[in-house]
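*Asks:* okay, here's the prediction I keep looking at, along with the sequence it came from:
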Amino acid sequence: MDSILVRGNGPLSGQIPIAGAKNACLALMPATLLSEEPLTLTNAPRLSDIRTMTQLLASLGAEVTALQDGKVLATSCHGDINPVADYDIVRKMRASNLVLGPLLARLGHAVVSLPGGCAIGARPMDIHIDALSALGAEIELKDGYLHAQAKGGLKGAIHEMRFASVGATENFLMAAVLAKGTSVLKNAAREPEIVDLARCLRAMGAEIEGEGTSEITIQGVDRLHGATHPVVTDRIELGTYMLAPAICGGEVECLGGRIALVESFCEKLDAAGVAVEETERGLKVRRKNGRINAVDVVTEPFPGFPTDLQAQMMALLCTAEGTSVLEERIFENRFMHAPELMRMGAKIEVQGGHATVHGVAKLKGARVMATDLRASVSLILAGLAAEGETVVSRVYHLDRGYERVEDKLRAVGAQIERVRDE
Ligand SMILES: CC(=O)N[C@H]1[C@@H](OP(=O)(O)OP(=O)(O)OC[C@H]2O[C@@H](n3ccc(=O)[nH]c3=O)[C@H](O)[C@@H]2O)O[C@H](CO)[C@@H](O)[C@@H]1O
Ligand SMILES: C=C(OP(=O)(O)O)C(=O)O
């Protein structure tokens, strides 16, 4: 397994291009199951999760072709569709559950392996099941698989989710677009990736209103057609790279970034002493002056502070002036990076959903290991702020969500390389 070697760094300078969003693309790709005509996604990121979704869709009978070095994905689903999403693929990636809604809508039945929990939490599927059941699906668990059936097809309904789940909103949307009649989803998730999916579905002929708000209305149509859709900018990759100059000093412009994607995050950066300027090409980031101030952070659904940036923010706050409290409200076990940061000299106390970070003047390089994607990149960011060398192992987590992380950081002056194991 490869590792990433990082050396403590001086100021960074230059530009980092931000890719299309992993989490948008993982929801957009299954939309191909809804139409016989091709769906072309431009600005797709080149990531292992996208390859896993490609493999899953291929196993269901779709064709996914990567063009232009993978940045354009041409997907198509005109032949026979296999309704079974197998455990061997689903277990690799939770977002595999996003084929459930489209399979039900297109075929009236689906058999999708339960993804199971992962390092950051148990992540059950009850909200997805309730939402699809409201549309008339009967869903039961057998042998670790969700067996879903909509005898006579899906029917529009009004449904309120108990929590604004991102994935359940996506599954509901993709099911309701081909259901008979009108559906209304209340307490819908408002993330930019939901807005992106709704826009793509509309380009395919769906009738959707209200995406980006807590209430989405969908008027079912008989069929969807092909479309070409650009994947929205990855706000989590954006936030991650915005933290690099905040940690090292200097000035970095994140190309393609917009404040609207990361507003609550920018508010915290501002309070911490980091200036963000929106330019024609993206977001320019630099420290206002001196050391970073401590700030408190609470993760919440969009437009709140994203859980997917909590670990990276913690890396910044490890060397802030004063004490910060980070409260994780989305996932019950998302502080696994804390003990690894402590191996680098950070002072952190974790109690349940709260992590108290007492800023230290300097971190020290160490061998560290991550158990999830955002934890991995937080250790790289911490390594940029540390004295000496940091080696982050289990890089396969990182490759799920960051394309060429070492090239992008090296291009702005970071000392970082991938160490390939013999
Ligand atoms: C591929 C993708 O887009 N992943 C993102 C998506 O994950 P995902 O769609 O899995 O996140 P959800 O919004 O569904 O989950 C949020 C919380 O709700 C709980 N829950 C969810 C569904 C359910 O049926 N029952 C239930 O209890 C989860 O365990 C979790 O504690 O949104 C998360 C929250 O912004 C992000 O961290 C992930 O990066
Ligand atoms: C938690 C994440 O992804 P997933 O939902 O695919 O596990 C993430 O992108 O940080």
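*Replies:* That came in fine, so what should we check first? Ligands and ions are numbered 1, 2, ... in the order given.
*Asks:* okay, CA-based contacts and neighbour counts for the rest of this
*Replies:* Noted.
*Asks:* how much space separates Phe172 from ligand 2?
*Replies:* 17 Å (Cα to the nearest ligand atom, to the nearest Å).
*Asks:* helix, strand or coil for that residue?
*Replies:* helix (DSSP: H, G, I helix; E, B strand; the rest coil).
*Asks:* quick check, it in contact with Leu100.
*Replies:* No - using Cα atoms under 8 Å, Phe172 is not in contact with Leu100, being 9.4 Å away.
*Asks:* give me the number of residues near the residue in the stretch 301-422 of the chain positioned nearest to ligand 1?
*Replies:* Nearest residue of the stretch 301-422 of the chain to ligand 1, counting by Cα to the nearest ligand atom: Phe331, 4.3 Å away. By the measure other Cα atoms under 10 Å, the count of residues near Phe331 is 15.
*Asks:* Leu141 versus that one, what's the distance?
*Replies:* Phe331 sits 24 Å away from Leu141, going by Cα to Cα, to the nearest Å.
*Asks:* picking that back up, give me the pLDDT for the residue of the stretch 301-422 of the chain closest to ligand 1.
*Replies:* The per-residue pLDDT reported for Phe331 equals 97.
*Asks:* now it: closest residue in space, sequence neighbours ignored.
*Replies:* Gly121 (5.6 Å; Cα to Cα, 6 or more residues apart in numbering).
*Asks:* before we move on, back to that, residues contacting the residue of the stretch 301-422 of the chain closest to ligand 1?
*Replies:* Ile120, Gly121, Thr307 (Cα atoms under 8 Å, 6 or more residues apart in numbering).
*Asks:* not counting its neighbours along the chain, what's nearest the last one?
*Replies:* Ranked by Cα to Cα, 6+ apart and with sequence neighbours excluded, the top spatial neighbour of Thr307 is Thr299, at 5.1 Å.
*Asks:* next up, the contacts around the one you found.
*Replies:* Phe305, Pro306, Thr307, Gln310, Leu326, Glu327, Glu328, Arg329, Ile330.
*Asks:* what's near enough to touch the closest residue to the fifth one other than its chain neighbours?
*Replies:* So that's Leu326. In this structure, Leu326 finds its nearest non-sequential neighbour in Val297, 4.7 Å apart by Cα to Cα, 6+ apart. Contacts for Val297 (Cα under 8 Å, 6+ apart) come out as Lys268, Phe305, Ser324, Val325, Leu326, Glu327.
*Asks:* among those residues, which one lies nearest to Lys71?
*Replies:* Phe305 (28.3 Å; Cα to Cα).
*Asks:* re earlier: just name the closest of the contacts of Thr299 to Leu238, please.
*Replies:* Proximity of the contacts of Thr299 to Leu238 was ranked by Cα to Cα; the top entry is Pro306 with 12.1 Å.
*Asks:* what's the neighbour count on the closest one?
*Replies:* Count around Pro306 with other Cα under 10 Å applied: 23.
*Asks:* hmm, it is touching Met313, no?
*Replies:* No - the pair Pro306 / Met313 is not scored as a contact, 10.2 Å apart, by Cα under 8 Å.
*Asks:* ramachandran angles for the residue of the stretch 151-300 of the chain found nearest ligand 2?
*Replies:* Nearest to ligand 2 in the stretch 151-300 of the chain, going by Cα to the nearest ligand atom, is Ile236, at a distance of 7.8 Å. In terms of degrees, to the nearest 10, the main-chain angles of Ile236 are phi -80, psi -40.
*Asks:* hmm, it is touching Leu309, no?
*Replies:* Yes - counting by Cα under 8 Å, Ile236 touches Leu309, with 6.4 Å between them.
*Asks:* picking up where we left off before, among the contacts of Thr299, which are located in strands?
*Replies:* Secondary structure defined by DSSP state E assigns Leu326, Glu327 of those to strands.
*Asks:* and Glu267, how far is that from Glu340?
*Replies:* Counting by Cα to Cα - Glu267 and Glu340 are separated by 27 Å.
*Asks:* no no, Pro17
*Replies:* Distance from Pro17 to Glu340, by Cα to Cα: 29 Å.
*Asks:* and the two? which has more neighbours close in?
*Replies:* Between Pro17 and Glu340, counting by other Cα under 10 Å, Glu340 is the more crowded of the two (21 against 17).
*Asks:* in which helix or strand does the more buried one reside?
*Replies:* Taking DSSP states H and E as the definition, Glu340 sits inside helix 337-343.
*Asks:* mind checking the pLDDT average for the helix or strand containing Thr65?
*Replies:* Thr65 is part of strand 63-67 when elements are defined by DSSP H and E. Taken as a whole, strand 63-67 carries a mean pLDDT of 94.
*Asks:* show me what it is packed up against.
*Replies:* Under the contact criterion of 3 or more Cα pairs under 8 Å, 6 or more residues apart in numbering; DSSP states H and E, strand 63-67 touches helix 48-59, strand 72-76.
*Asks:* can you rerun that using 6 Å?
*Replies:* strand 72-76 (3 or more Cα pairs under 6 Å, 6 or more residues apart in numbering; DSSP states H and E).
*Asks:* mind saving the C-alpha coords of the strand it packs on as CSV?
*Replies:* Output of strand 72-76 as CSV, limited to C-alpha atoms (Å, rounded to 0.1, in the frame of the first residue of the first chain):
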residue,chain,number,x,y,z
VAL,A,72,-16.0,13.1,-19.3
LEU,A,73,-18.1,10.0,-18.5
ALA,A,74,-20.5,8.8,-21.1
THR,A,75,-23.1,6.5,-19.5
SER,A,76,-25.8,4.6,-21.2
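*Asks:* also within reach of ligand 1: list those from the contacts of Phe331.
*Replies:* Thr307 (Cα under 6 Å from any ligand atom).
*Asks:* between the contacts of Phe331, which has the most around it?
*Replies:* Thr307 (23 neighbours).
*Asks:* now do stretch 173-188: distance to the chain's middle.
*Replies:* From the chain centre to the centre of stretch 173-188 is a distance of 23 Å (Cα atoms, centre = their mean, to the nearest Å).
*Asks:* who's in contact with that stretch?
*Replies:* The contact list for stretch 173-188, computed with Cα atoms under 6 Å, 6 or more residues apart in numbering, reads 101-102, 105, 154-161, 164, 169, 206, 214-222.
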